[in-house]
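1. predicted structure and sequence below. I'll ask about it afterward.
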Amino acid sequence: MQIFLGQPLNVAPQVKIEKKVVMNQQYQVIKGQNFTYYVKTKNGIVSEVIAKAPYKLAPASYFIQNPQNCVKKLIMRVPLRMAKYEYDCNGTVYHYTTFGVPGNLITSASLK
C-alpha cells in the first residue's frame, strides 16, 4: 500500500480506517498486509505517515512519489538503530526516518 505525502488519502473502499489519538495527535489507522499505518491529514491532504511492522521497514517509495528523481541527503544516522533522510523534490521537502530494533520497526515520513 502506498500513501503519498501531499496527496489526498485514497484507500480501497473495503479497507477499514480507524481513528485513534496518540500523544494528543489524531491519526487514522489503516492495517495493511505488511504494515500498520498511522496517517495524519490536514484538510484531507496527507501530511505525515508512520508505518509499523515487526520485521520490515517501509521504503521511501511508499510515501514519496518518484523518490529516485529527488535529491536525497542523510541528516543523521545511528548504526543498526536509526537513519534520517531529507528528500528535496523540486522544492517540496520530505523527511523520511527509520527507527527501531527487530520486532518493533518504525518508518515515518512527513512534509517539512
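-> Yes, it's here.
2. in the protein, what residue sits furthest out from the centroid?
-> Residue farthest from the centre of the chain, counting by Cα atoms, centre = their mean, is Gln14 at 21.3 Å.
3. could you measure from that residue over to Lys31?
-> 12 Å (Cβ to Cβ, to the nearest Å). Heads up, the C-betas are built off the backbone N, CA and C, glycines and all.
4. rewinding a little: tell me the pLDDT of the residue farthest from the centre of the chain.
-> Note on Gln14: pLDDT of 74.
5. and the helix or strand bottoming out on mean pLDDT in the chain, what does it pack onto?
-> Every helix and strand in the chain was compared by mean pLDDT, DSSP states H and E; the lowest is strand 17-22, with a mean of 82. On a contact count with 3 or more Cβ pairs under 8 Å, 6 or more residues apart in numbering; DSSP states H and E, strand 17-22 meets strand 25-31.
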